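[1] Dropping a prediction and its sequence here:
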Amino acid sequence: MQQKFIDLISNFNEVTVGTTKELMEANARAFKNYSQKQMEMMNGYTETIKRQLGSVSEIKDEKGVQDYLKAQTTEMQKSAETFYESAKESMEMIAENTKEVNVLMRKGMDAATATLKSVSGEKGS
């Protein structure tokens, strides 16, 4: 009986360590991907601001003001579209990571359940 208990603890530790390692790797990948997406968004905003500031220097008369306002409207539309796409991609990344974590958790629970059944002498379902 003692050997079964030792085997149970040993197997439980192996499963726990393995699953924890996989979870950490999944979360690290998710963090990296999400961080990259955030950097892309920030770079896009920086470029938009540069373009906006550059067009201010071109205002020389009333027509220049109208052209500037038209350009700003276009930039805002582009920015809104880019933001929407980035938000959509971020949500897809989060959903994918959630699926991956759920699969890993299920795998760990199944392994732990199988170990408990084998130690207790219960037949598999």
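    Everything's here; your move.
[2] now the helices: where do they sit in the protein?
    For the chain, applying DSSP state H gives helices covering 2-56, 62-120.
[3] other SSEs contacting the shortest one?
    When contacts are defined as 3 or more CB pairs under 8 Å, 6 or more residues apart in numbering; DSSP states H and E, helix 2-56 sits against helix 62-120. All C-beta spots, glycine's among them, are computed from the backbone N, C-alpha and C.
[4] Report the angle between the helix it packs on and helix 2-56.
    Angle, helix 62-120 to helix 2-56, by axes from the mean of the first three to the mean of the last three CA atoms, to 10 degrees: 180 degrees.
[5] mean confidence for helix 62-120?
    Mean pLDDT, computed over helix 62-120, is 86.
[6] do stretch 20-33 as well
    Stretch 20-33 comes out at a mean pLDDT of 90.
[7] Touching that stretch from outside, list them.
    93-94, 97, 100-101, 104-105 (CB atoms under 8 Å, 6 or more residues apart in numbering).
[8] now the residues you listed as JSON lines including neighbour count and distance to residue 44?
    Shown next, in JSON lines, are the contacts of stretch 20-33 (neighbours: other CB atoms under 10 Å; distance: CB to CB, whole Å):
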{"residue": "93", "neighbour count": "16", "distance to residue 44": "17"}
{"residue": "94", "neighbour count": "13", "distance to residue 44": "20"}
{"residue": "97", "neighbour count": "17", "distance to residue 44": "23"}
{"residue": "100", "neighbour count": "17", "distance to residue 44": "27"}
{"residue": "101", "neighbour count": "15", "distance to residue 44": "29"}
{"residue": "104", "neighbour count": "18", "distance to residue 44": "33"}
{"residue": "105", "neighbour count": "13", "distance to residue 44": "35"}
